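*Asks:* After the sequence you'll find the predicted model.
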Amino acid sequence: KAGVTQTPRYLIKTRGQQVTLSCSPISGHRSVSWYQQTPGQGLQFLFEYFSETQRNKGNFPGRFSGRQFSNSRSEMNVSTLELGDSALYLCASSLVPQGVLSIQYFGAGTRLSVL
Amino acid sequence: EDQVTQSPEALRLQEGESSSLNCSYTVSGLRGLFWYRQDPGKGPEFLFTLYSAGEEKEKERLKATLTKKESFLHITAPKPEDSATYLCAVEGYDKVIFGPGTSLSVIP
């Protein structure tokens, strides 16, 4: 059974650009959550999607957005990139949404560097 | 405010030297507590779920325990391959909150 797949693995962008990251969850999983991980802040929750609906959103500016498609694949978009957006972006999928004993399975992440 | 803290921030052990990692939490409506392991350059990997105070789970050299306000991850006779960052996560009514992690290094 294939795991969570994130593409691309690495990205280099410049300030002001925008970026789209992709996540394919484990087959049958309908919940996809996105996290930002930095050495100083640890894992910070961005948002969760379940059945194409955003269930929760973390404390991030509106430049961070996402969506989920009918096949449960999800994309995350960051517009007007800032240097502080450099981080590892992790996607996690689970059978059930957060709050319902959800075991999350993580992808390897996308390493974004903003120059 | 819902919060998860972990201690110590970093831990160096000699191979075979047992120790414990701590996860303290405050959350409304605890549903469960999770332990994950994260290796450099990889996403976190699920280890255990604990649902109620007094519960214990074991896997190889790891044993996780849960009380009403904290969880411990006990590592018995660790090996170098146990070196990783160990993350604790707490699930409330509708969200999961991760702690900052403990970076464990096991020296041969």
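*Replies:* Received, thanks.
*Asks:* Give me the spatial nearest neighbour of the closest residue to chain A within chain B, chain neighbours excluded.
*Replies:* Scanning chain B for the residue nearest chain A gives B:Gly43, at 3.1 Å (criterion: Cβ to the nearest Cβ). Glycine gets a C-beta too; all of them are placed from N, C-alpha and C. Taking Cβ to Cβ, 6 or more residues apart in numbering or on different chains as the measure, B:Gly43 lies nearest to A:Phe106, with 3.1 Å between them; neighbours along the chain are not counted.
*Asks:* check contacts around the one you found.
*Replies:* In this structure, A:Phe106 makes contact with A:Val4, A:Leu90, A:Cys91, A:Ala92, B:Tyr36, B:Gly43, B:Pro44, B:Glu45, judged by Cβ atoms under 8 Å, 6 or more residues apart in numbering or on different chains.
*Asks:* quick one: the third one and A:Ser74 touch, right?
*Replies:* In other words, A:Cys91. Yes: taking contacts as Cβ atoms under 8 Å, A:Cys91 lies within contact range of A:Ser74: 6.8 Å.
*Asks:* So for these two, which residue has more residues nearby?
*Replies:* Regarding A:Cys91 and A:Ser74, a neighbour count based on other Cβ atoms under 10 Å in any protein chain shown identifies A:Cys91 as having more, with 29 against 25.
*Asks:* Secondary structure element holding the residue nearest in space to the middle of chain A?
*Replies:* For chain A, the residue whose C-alpha lies nearest the mean C-alpha position (Cα atoms, centre = their mean) is A:Trp34; its distance is 3.0 Å. Secondary structure here is read from DSSP states H and E; on that basis A:Trp34 sits in strand A:31-38.
*Asks:* tell me the mean pLDDT for the next helix or strand after that strand?
*Replies:* Going down the chain from strand A:31-38, the next helix or strand is strand A:42-50, by DSSP H and E. Strand A:42-50 comes out with an average pLDDT of 92.
*Asks:* Each with direction, which strands does the helix or strand of chain B with the lowest mean pLDDT pair with?
*Replies:* Every helix and strand in chain B was compared by mean pLDDT, DSSP states H and E; the lowest is strand B:96-98, with a mean of 89. Here strand B:96-98 has these sheet partners by DSSP bridges: strand B:84-91 (antiparallel).
*Asks:* For the buried ones among the contacts of A:Phe106, write the corresponding ChimeraX selection.
*Replies:* Those of the contacts of A:Phe106 that meet the burial criterion (16 or more other Cβ atoms under 10 Å in any protein chain shown) are gathered into one ChimeraX selection, given here:
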select /A:4,90,91,92 /B:36,43,44
